[in-house]
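In: quick one, what's the 3D model for this:
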Amino acid sequence: MAYSYSNETIMQAFRLYAQLSMNGLAAREGLQEYMADDDVRGLVDQFAAEVDCAVIAAGDELYLIPLARLSPFHVSNDHMKRTYLRANAVNADLYLMYMAIIVLFGAFYDSYQSLEPTRNFLPLEEWAVLLQERIQSLKEHDAEALKRYESEFSYNWTAIIEKWDTMDDIKETAKRQAGNTISRLSFLDSVKRFLLEQRLAEEVGEGELALTEKTKVIVQRYFMELEYNRGILNFLYSLDDRKLEERSMEELRTDGQSITEEDEPHAVNFQN
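Out: Residues are numbered from 1 along each chain as shown. This is a model prediction of the structure:
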């Protein structure tokens, strides 16, 4: 039996969905409407699902989040390049940008081992260092393995490494840049601008970023789900786990040798 809604309920839900589709969010009044009426909430969720989006409540606001690349609300690569990156940006810049965001979120969630943030903010310089560590871990895979992983995850890991390496060292300043070169901090500043405009981060101090309530909900609900991250998080951080296991085994072997040496019986000289 089909469930029927009153015309008033349908129009109320449509007005709320229209606000979300135009602005990407609805303020407290819209959130209250969404939470207070099951029928309105169900209709808004249905409208969003029809365009491959989800509606999430975070803090005092309601957000419309695209779930698929084919969603009309998905931010296109061309728009990302034109709006947030350099005029001559290529796909490699986007790959590096996505990885930088993954690393930023991972810094707050203990390399995705925690469901709740474990820190309050992240300085830009530390973000650069953490990204350098992830890039370095990628370099520990041979070229053939990287190519295989590129096909598996649809990420051009080689291009990410090359793009990061062509940028000046993290201690360089934007004032010293010329031509096509750019400092790593300047690049991260562009990524930061995207995060701020999309309300995925907020600046709590000079060069210090914190996660918004919107981001916390997205990370918990979607980012850590294998269905959405496609195993990329496991790949990026699994090398650290292997290193930790190897280090632990080495420490155990070292401790075992020490115990053996301490317990070794010593020869006793009975001669006077």
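In: low pLDDT regions in the stretch 151-272 of the chain?
Out: Applying pLDDT under 70 to the stretch 151-272 of the chain picks out residues 169-182, 226-230, 239-272.
In: so what's the gap between stretch 99-114 and the chain middle?
Out: Here stretch 99-114 shows a centroid-to-chain-centroid distance of 6 Å under the convention C-alpha atoms, centre = their mean, to the nearest Å.
In: contacting residues around residue 165?
Out: Residue 165 makes contact with residue 135, according to C-beta atoms under 8 Å, 6 or more residues apart in numbering. In this view, the C-beta of every residue, glycine as well, is placed from N, C-alpha and C.
In: and the one helix or strand residue 125 maps to, what other elements does it pack with?
Out: With elements taken from DSSP states H and E, the one containing residue 125 is helix 124-139. Taking 3 or more C-beta pairs under 8 Å, 6 or more residues apart in numbering; DSSP states H and E as contact, the helices and strands that helix 124-139 lies on are helix 91-108, helix 157-166, helix 184-197, strand 208-211, helix 232-263.
In: same for the third one, what does it pack against?
Out: Packing contacts for helix 184-197, counted by 3+ C-beta pairs under 8 Å, 6+ apart, involve helix 77-84, helix 91-108, helix 124-139, strand 201-205.
In: again, only this time at 6 Å
Out: helix 77-84, helix 124-139 (3 or more C-beta pairs under 6 Å, 6 or more residues apart in numbering; DSSP states H and E).
In: in that helix, which residues are buried?
Out: By neighbour count, with 16 or more other C-beta atoms under 10 Å as the criterion, the buried positions of helix 184-197 are 184-188, 190-192, 194-195.
In: hang on, the earlier thing: for the helices and strands packed on helix 184-197, which has the smallest mean pLDDT value?
Out: Comparing the helices and strands packed on helix 184-197 by mean pLDDT, the weakest confidence falls on helix 77-84, with a mean of 87.
In: what separation do you get for the residue most central in space within the chain and residue 136?
Out: Geometric centre of the chain, nearest residue: residue 102, 2.5 Å, by C-alpha atoms, centre = their mean. Relative to residue 136, residue 102 is positioned 15 Å away (C-beta to C-beta, to the nearest Å).
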